[in-house]
Structures are given as structure tokens and as C-alpha cells.
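**Q** Generate coordinates for the sequence data below:
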Amino acid sequence: MGGIYFFVKGVIVGLSIAVPVGPIGILCIRRTLTQGRIIGFLSGLGAATADAFYGAIAGFGITFLSNLLMGQQAGLRLIGGGLLCIIGVRTFLSKPAEQGSSVEGDTRWGAYLSTLILTLTNPMTILFFAAVFAGLVVGRGDDHYFSVGILVLGVFIGSASWWLVLSGFTGLLRGIFDANRMRWLNRISGLIIIGFGLAAFLSLVR
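**A** Predicted structure coming up:
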């Protein structure tokens, strides 16, 4: 019963961090419309993997790794902001005729790894999980590790489920996007992604 409890909690946490619209959500939607459901879902799956990774660091108390990542958060944000700006510019400039081989996600591994790296450049996620997990009684000793493992699994399943739903629903709309609408989609998506990248840069000067 305890395992089910922690799994459900993890699913809820995974959904709560995945659902808010951000650059990964924009990428998932845009890639689904231009390249299909599989590429869109794999884009989200990369983010879900990163969420589970950071959840494991926080839950298992891997202090040295957590401190290392937090100590490098300025550099990681710089990298993440740069990647977002590059992806945003390429998205803005891409033409409907290029949709079959989008430059930032032309392979399944590329779609997965790009969002995995982007999500990993936000080490503040560790603090989110640390705060959430601190409010859960996960036992002691072996029970603690079992409970945290179930929580992290739930986080991954919850996050991945959202990306599956989002890519699946978005895929139903592919037919209504002609060349002109796709061109505007690229421009709007590109500007939004660039905006997130610039926001990452601005956060470094506060």
C-alpha cells in the first residue's frame, strides 16, 4: 500500500512540474506539428528523464552532486539560455518545406537529447524536488531508499504521461496547418523560445 501511495505522489509531482507551459512545451508542440507525434513525445521524454534525474539527486540526498550542480548554476543557465536562443532563431528562420528534416530535431535521439540537455541546465529543479520530498515521510534505512525510488519512478511516469497526452492531442491538429500557418507557427514559436533564452540570461544579472 505504501508503494502505491508514494507512486501516486510521484505521479502528481511529475505532472505538476511538466504541465506549466515553458520552452520544452513549445518545442514539444512545434515538433509534433512539424515532425509527428513520436518526435514530439520524445522531446517531452527527454525533459521527463531530466526531472527524474534531479528528483533522484534530491530524494537520495546525493549532496556532493547537488552542491556541484548548484555551484555551477550560473554557467548552466548561460548554456541553457544560449541553446534556447540558437533553437529559437533556427525555428524562426525555418521554412515549411524544411519540416521533414528540422534542424534542431531531425532524429529521434536528437529530439530526446536536446530537451534532456535543456532541462538539465536548470539545477533549480533540485531545490523544487528537495522541498517537495521533504514534506513526505519516506521512512528510514532500506524503506527510505525504496520509497524514494518509487517516488522518482512516479515522477518520471507522471511527467512522461503529460508529454504523451500533449503530443497525442497536438498530433490531431497537424492536418489544419498548411504552409502559411506553419510559417507563422515557426515565427511565433521561435520568438517565444528566444524569449525564454533571454530570460535565462537576464536571471544572471539579478
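
**Q** I'd like the next helix or strand past the top helix by length along the chain.
**A** Across the chain, the longest stretch assigned as helix under DSSP state H is helix 141-171. Per DSSP states H and E, the first helix or strand lying C-terminal to helix 141-171 is helix 179-202.

**Q** Go through that following helix and flag the buried ones.
**A** Residues of helix 179-202 classed as buried by neighbour count (16 or more other CB atoms under 10 Å): 182, 185-186, 189-190, 192-194, 196-197, 200. The way it works is simple: take the backbone N, C-alpha and C, and place the C-beta from them, glycine included.

**Q** Just name the shakiest helix or strand of the chain by mean pLDDT.
**A** Here the helix or strand of the chain ranked lowest by mean pLDDT, DSSP states H and E is helix 63-71, holding a mean of 69.

**Q** which element follows that helix toward the C-terminus?
**A** Next element after helix 63-71 (DSSP H and E): helix 73-93.

**Q** Just name whatever secondary elements that next one is in contact with.
**A** Here helix 73-93 touches helix 23-35, helix 108-120, helix 179-202, going by 3 or more CB pairs under 8 Å, 6 or more residues apart in numbering; DSSP states H and E.

**Q** could you dump these to JSON lines with distance to Gly88?
**A** Output for these, formatted as JSON lines (distance: least, CB to CB, whole Å):
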{"stretch": "helix 23-35", "distance to Gly88": "8"}
{"stretch": "helix 108-120", "distance to Gly88": "12"}
{"stretch": "helix 179-202", "distance to Gly88": "3"}
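
**Q** Now do the contacts for the spatially closest residue to Leu78 that is not a sequence neighbour.
**A** Using CB to CB, 6 or more residues apart in numbering and skipping residues adjacent in sequence, the residue nearest Leu78 is Leu204, 6.6 Å away. Residues in contact with Leu204, defined by CB atoms under 8 Å, 6 or more residues apart in numbering, are 74, 77-78, 81.

**Q** Buried ones among those residues?
**A** For these, a neighbour count by 16+ other CB under 10 Å gives the buried set as 77-78, 81.

**Q** and the gap between Phe41 and Val8?
**A** 23 Å (CB to CB, to the nearest Å).

**Q** between the two, who's got more neighbours?
**A** A direct count of neighbours by other CB atoms under 10 Å for Phe41 and Val8 places Phe41 higher, at 25 against 14.

**Q** Does that one touch Ser161 like I think?
**A** No. Between Phe41 and Ser161 there is no contact under CB atoms under 8 Å: 10.6 Å.

**Q** From the centroid of this structure, which residue is nearest?
**A** Geometric centre of the chain, nearest residue: Ala47, 2.8 Å, by CA atoms, centre = their mean.
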